[in-house]
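S.K.: the sequence and its predicted three-dimensional model are supplied below.
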Amino acid sequence: MVMANTSSGKDTPSAQNVGREFVRQYYTLMNEAPVHLHRFYSQNSSFVHGGVEKPGEEQPPVHGQSEIHKKILELNFRDCHAKIRQVDSHPTVGHGVVIQVTGELSNNGEPMRRFMQTFVLAPQSAKKYYVHNAIFRYQDEVFPEEEEAEAEELDMNPEVVENGSPVENVPAAQDPTIFYEQPAQPLSNGSVQDEEEEVAPEPSTVAEVADLPVQEAPVEEEEEEE
C-alpha cells in the first residue's frame with residue numbers, strides 16, 4: 001500500500017507526486033527489506049518479472065499477494081541497489097496512476113543492468129494506492145544484439161585520451177610538409193647526408209685499404225698503324 005504525499009495542500013495528489021513517492025518507497029524497501037515487498041500488492045494484483053525465464057520464452061504473470069510473495073523470494077533480492085534515471089507518471093482510468101521507471105539495477109553485488117518497470121496503481125482511498133499490475137524487464141535481454149554491437153563499436157573506435165581528457169579524432173594532414181621536414185639528399189649507399197655535415201670514412205675500411213700492396217697493372221703498348 002502506498003501513502004501519497006500531499007504536502008502541496010491538495011486533497012487529491014497529482015499523478016507526478018504519486019509516482020515519485022511510490023518509486024521512492026518501492027525501491028527503498030527493495031534495498032532494505034525485500035521480503036516485505038509483496039505488501040505493495042493485493043489479491044487482485046498481477047506481477048511479471050522478466051529475467052528468470054529462458055531467452056525467447058514469455059514469463060507468465062503471477063496473481064495474488066501470496067503468489068507474488070513467493071515469486072519475489074525466488075528472485076533472491078539481496079543488497080539490491082537501483083539508480084533511477086527517469087520516472088514518468090500519468091493518470092489512468094478509475095483514478096489510477098500508471099508509472100514507468102527507467103534505470104539501472106544491481107542485485108547481490110552484480111554489475112548494474114539497465115531495466116524498465118511499469119506499474120499501474122489502483123486507488124484504495126483518496127490518498128492510498130496499491131500495485132494492481134507490475135511488469136519488469138532487463139533491457140539487455142530485449143536488445144542483446146544492440147548491446148553487442150555497442151561493445152564492438154567501442155572496441156573498433158577506442159577513445160583517445162590526452163592529459164586526462166578525451167581527444168577527438170584528427171584527420172590526417174593533406175600536406176606532409178606541415179609535420180615533417182624535407183630530408184637531405186641521399187648518398188649512393190642509401191644514407192642521408194646533411195649539407196653542413198661531412199661524412200668521415202669508416203676507419204676499418206681505410207685501414208684495410210692502406211695495408212694492401214699496390215700493384216700496377218701492366219700496360220700494353222698499342223701498335224702504330226702504318
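M.R.: Looks like it came in fine.
S.K.: how far does stretch 89-101 stretch from one end to the other?
M.R.: End-to-end span of stretch 89-101 (C-alpha to C-alpha, to the nearest Å): 9 Å.
S.K.: what does that stretch rub up against?
M.R.: With C-beta atoms under 8 Å, 6 or more residues apart in numbering as the test, stretch 89-101 has contacts from 15-16, 18-20, 22-23, 84, 86-88, 116-123, 129, 132. (Glycine included, C-beta is placed from N, CA and C.)
S.K.: by mean pLDDT, flag the weakest helix or strand of the chain.
M.R.: When the helices and strands of the chain are compared on mean pLDDT, DSSP states H and E, helix 203-211 comes out lowest with a mean of 45.
S.K.: quick one, helices of the protein?
M.R.: Counting by DSSP state H, the chain has helices at residues 15-32, 65-75, 139-142, 144-156, 203-211.
S.K.: pLDDT weak spots in the chain?
M.R.: Scanning the chain for pLDDT under 70 picks out the ranges 1-11, 51-57, 144-226.
S.K.: can you give me the strands for it?
M.R.: 2-3, 41-49, 62-63, 81-92, 96-106, 113-123, 128-138, 160-162, 165-167 (DSSP state E).
S.K.: list the buried residues of stretch 93-110.
M.R.: Residues 96-99, 101, 103, 105, 107 are the ones in stretch 93-110 that count as buried (16 or more other C-beta atoms under 10 Å).
S.K.: what do you get for stretch 32-43?
M.R.: Neighbour counts over stretch 32-43 (16+ other C-beta under 10 Å) mark 34, 37-38, 40-42 as buried.
S.K.: residues near residue 89, how many?
M.R.: Residue 89: 22 surrounding residues under other C-beta atoms under 10 Å.
S.K.: what is it paired to in the beta sheet?
M.R.: residue 99 (DSSP bridges).
S.K.: how close does it get to residue 26?
M.R.: 13 Å (C-beta to C-beta, to the nearest Å).
S.K.: ditto for residue 41
M.R.: From residue 41 across to residue 26, the span is 11 Å (C-beta to C-beta).
S.K.: one more: residue 76?
M.R.: 18 Å.
S.K.: and those two? Which one has more around it.
M.R.: residue 26 (19 against 10).
S.K.: so the more buried one makes contact with residue 39?
M.R.: No: counting by C-beta atoms under 8 Å, residue 26 stays clear of residue 39, with 10.5 Å between them.
S.K.: re earlier: return the member of the buried residues of stretch 93-110 nearest to residue 71.
M.R.: Nearest to residue 71, judged by C-beta to C-beta, of the buried residues of stretch 93-110 is residue 107 at 14.6 Å.
S.K.: contact partners for that closest one?
M.R.: If a contact means C-beta under 8 Å, 6+ apart, then residue 107 has 75-80 as its contacts.
S.K.: cutoff 10 Å now
M.R.: Residue 107 makes contacts with 30, 34, 51, 75-82, 113, as judged by C-beta atoms under 10 Å, 6 or more residues apart in numbering.
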